[in-house]
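Undergrad: I would like to see how this sequence folds:
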Amino acid sequence: MLARWKIRWLFTLVGGHISPILVGAQNAGIRVIDCRDERNAVFAADAVARMTGLPGVAAVTAGPGVTNTLTAMKN
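TA: This next block holds a predicted model:
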């Protein structure tokens, strides 16, 4: 689905159960960019969306991974 939208980058903080998403993205030619934390992954995805007009994509793990995105999501 991401390749269909011509997504070029996927921002993340690598975590165990999202590894299949990251492998699939790489296999589809999407560059996976590992960030320092989930907040920065979401901010980077937002910046890409604003600069390109395409959706920005971040993949995070459950629990604390999702919680750590709240600051960026709010902004």
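Undergrad: which one's the longest helix in this protein?
TA: Identified as the longest helix of the chain according to DSSP state H is helix 38-52.
Undergrad: Name the next helix or strand downstream of that helix, please.
TA: strand 58-59 (DSSP states H and E).
Undergrad: Need phi/psi at Thr12.
TA: phi -160, psi 170 (degrees, to the nearest 10).
Undergrad: Please name the residues that touch it.
TA: Neighbour list for Thr12: 18, 22, 32-35, 41, 58-60 [criterion: Cβ atoms under 8 Å, 6 or more residues apart in numbering]. Glycine gets a C-beta too; all of them are placed from N, C-alpha and C.
Undergrad: Report the separation between the residue nearest to the spatial centre of the chain and Ile21.
TA: The residue lying closest to the centre of the chain (Cα atoms, centre = their mean) is Ala58, at 1.6 Å. Per Cβ to Cβ, to the nearest Å, Ala58 is found 11 Å from Ile21.
Undergrad: tell me, what's touching these two both at once?
TA: Joint contacts of Ala58 and Ile21 (Cβ under 8 Å, 6+ apart) are Leu10.
Undergrad: quick one: the residue nearest to the centre of the chain and Val42 touch, right?
TA: Yes - judged on Cβ atoms under 8 Å, Ala58 makes contact with Val42 at a distance of 4.8 Å.
Undergrad: which residues are in contact with both of those two?
TA: 11, 69.
Undergrad: Now do the SS call for the residue nearest to Asp34 when sequence neighbours are not counted.
TA: In space, and not counting its chain neighbours, Asp34 is closest to Val14: 5.4 Å by Cβ to Cβ, 6 or more residues apart in numbering. Put simply, Val14 is coil when judged by DSSP: H, G, I helix; E, B strand; the rest coil.
Undergrad: Please report the distance of Val14 from Leu54.
TA: Val14 is 23 Å from Leu54, by Cβ to Cβ.
Undergrad: likewise Arg36?
TA: When distance is defined by Cβ to Cβ, Arg36 is 23 Å away from Leu54.
Undergrad: which of the two has more neighbours?
TA: Counting neighbours by other Cβ atoms under 10 Å for Arg36 and for Leu54 shows that Leu54 has the greater number, 13 against 8.
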